[in-house]
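Participant: Starting from these lines, generate the structure:
(one chain, ligands or ions: 1)
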Amino acid sequence: MVKINQRRYLGNKQRLLDFIYKIINSNIKEFNSFCDIFAGTGAVANYFNHSDNKIIINDLLYHNYISHYAFLSNDSFDIIKIDIILNDLNNINIIEESNYFAEHFGDRYFSRQIALKIGAIREKIESLFINQYINFKEKSILITSLIYAIDKIANTVGHYDAYIKKEIKAEKLFLDMLSFSQKNNINNEIFNMNANDLIKNIDCDILYLDPPYNSRQYSDAYHLLENLALWQKPKLFGDAKKFDRANIKSNYNKTSATKVFEDLIKNAKARYILLSYNNMANQGNDRSNARISDENIFRILNSRGKVNIFETDFKEFNTGKIKRENNKERIFFVEVEQ
Ligand SMILES: C[S@@+](CC[C@H](N)C(=O)[O-])C[C@H]1O[C@@H](n2cnc3c(N)ncnc32)[C@H](O)[C@@H]1O
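Facilitator: Numbering: from 1, shown residues only. Next up is the predicted model:
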């Protein structure tokens, strides 16, 4: 069974869950709702997901939304049917010589044969959905299982900005059932929006913010998964075979980050705000430098209440090329003045 945290994802907070829990446990008596508005893998929201509270979960990228929908939505699904389909997909009979996925991603991110299989599986999931044999939750479970399966064997360093240019190892693709507890999902709400728009329409006890902090766009790093989840077969460009991502570029990776962060905090309706933002201001190379200065973070958060900072040493998941000293992961904690 596949767990939500068994995926490689830049900036994921899997290893910080205990740290976040301790901060919440010692500073907040009780809470009924927890919003993870830049959720990525969804590992943080999932950690706080219980039957007696509500999780609001959001990400700008559609493939993350699909994954959140699979693991965390309350829609009904037929587990026996899904098991049978997963088995069928694992044993899919490939008759075609080529398909969209094989044509673009074969002999790059995967072997030609595996890419052909991934394309055929994705096409099959789409036709099951169009023919109303599966509902949206079931479709999300199948696509998510496929995403987690390909992450294990992709010929990359963990993201799809580029593929490794050497002979591709023969790998096996295996789609497994997802592990989640539907009884915890009763009250959850799942969105695929720009956080700055969503913030105007929600309120919660705890607002957890984990925005991107440098210039590296998640839509560049995960274009292939986004393409696979959307399955609109767009025209692709360059050696990395990316599609036109203009409408999913994040302002948090641009010089406008401070402005959009200020707008987000101004519109937040929460009792507590927790912000993860690391201390990479002008320490790494240009691409890794933090977009919002500490001075601005303080000023903006301070406008809503007293700010406390909790710090831990944390080895960041990066491609291994850049060595960083004193890379601390920090949580800014604000008890919002009501
Ligand atoms: C640091 S990652 C979050 C990692 C996550 N906490 C985890 O543990 O997997 C930042 C996420 O913010 C998303 N994002 C970037 N800009 C956004 C925006 N304007 N609105 C919503 N999500 C956004 C990215 O797609 C990315 O998944």
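
Participant: residue contacts, Gln14?
Facilitator: Each residue near Gln14 by CB atoms under 8 Å, 6 or more residues apart in numbering is listed here: Asn5, Thr41, Ala43. The way it works is simple: take the backbone N, C-alpha and C, and place the C-beta from them, glycine included.

Participant: The same query, at a cut-off of 7 Å, please.
Facilitator: Asn5, Ala43 (CB atoms under 7 Å, 6 or more residues apart in numbering).

Participant: Distance-wise, check it relative to Tyr21.
Facilitator: Separation of Gln14 from Tyr21 (CB to CB, to the nearest Å): 13 Å.

Participant: pLDDT weak spots in the stretch 201-338 of the chain?
Facilitator: Residues of the stretch 201-338 of the chain meeting the criterion pLDDT under 70: 280-288, 313-327.

Participant: and the closest residue to the ligand within it, how many neighbours does it have?
Facilitator: When distances are taken as CB to the nearest ligand atom, the stretch 201-338 of the chain reaches nearest to the ligand at Ser250, 3.1 Å away. Ser250 has 20 neighbours, counted by other CB atoms under 10 Å.

Participant: Same question for Asp52.
Facilitator: 8.

Participant: Equivalent analysis for the one 5 residues further on, please.
Facilitator: The tally of other residues near Ile57 (other CB under 10 Å) stands at 28.

Participant: Would you mind confirming that the residue of the stretch 201-338 of the chain closest to the ligand is in contact with Ser215?
Facilitator: No - Ser250 is beyond contact range of Ser215, at 10.2 Å (criterion: CB atoms under 7 Å).

Participant: right, and Val307 touches Val336 too?
Facilitator: No - using CB under 7 Å, Val307 makes no contact with Val336, being 10.8 Å away.

Participant: mind listing the strands for the chain?
Facilitator: Remark: strands assigned in the chain by DSSP state E are 33-36, 54-58, 189-191, 204-209, 270-276, 307-313, 328-335.

Participant: can you redo those strands as JSON lines with distance to the ligand?
Facilitator: Shown next, in JSON lines, are the strands of the chain (distance: least, CB to the nearest ligand atom, whole Å):
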{"stretch": "strand 33-36", "distance to the ligand": "7"}
{"stretch": "strand 54-58", "distance to the ligand": "6"}
{"stretch": "strand 189-191", "distance to the ligand": "9"}
{"stretch": "strand 204-209", "distance to the ligand": "8"}
{"stretch": "strand 270-276", "distance to the ligand": "7"}
{"stretch": "strand 307-313", "distance to the ligand": "15"}
{"stretch": "strand 328-335", "distance to the ligand": "11"}
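
Participant: coming back round to it: need the overlap of contacts for Val307 and Val336.
Facilitator: With CB under 7 Å, 6+ apart, Val307 and Val336 have no common neighbours.

Participant: how about the residues of this protein that lie near the ligand?
Facilitator: 9, 11-13, 38-41, 43-44, 58-61, 64, 194-195, 210-212, 218, 250, 252 (CB under 6 Å from any ligand atom).

Participant: List the contacts of Arg112.
Facilitator: Contacts of Arg112 (CB under 7 Å, 6+ apart): Ala102, Gly106.

Participant: same thing but 6 Å
Facilitator: Shown in contact with Arg112 (CB atoms under 6 Å, 6 or more residues apart in numbering): Gly106.

Participant: gap between it and Asn5?
Facilitator: Arg112 is 31 Å from Asn5, by CB to CB.

Participant: One more: Lys124?
Facilitator: 27 Å.

Participant: Please apply the same query to Arg304.
Facilitator: 30 Å.

Participant: Save the strands of the chain as TSV, and put in distance to Leu264 too.
Facilitator: Output for the strands of the chain, formatted as TSV (distance: least, CB to CB, whole Å):
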stretch	distance to Leu264
strand 33-36	12
strand 54-58	12
strand 189-191	14
strand 204-209	7
strand 270-276	10
strand 307-313	15
strand 328-335	13
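
Participant: Looking at those strands, which one is packed in the most?
Facilitator: Among the strands of the chain, judged by mean count of other CB atoms under 10 Å, the one packed with the most neighbours on average is strand 33-36 (a mean of 26).
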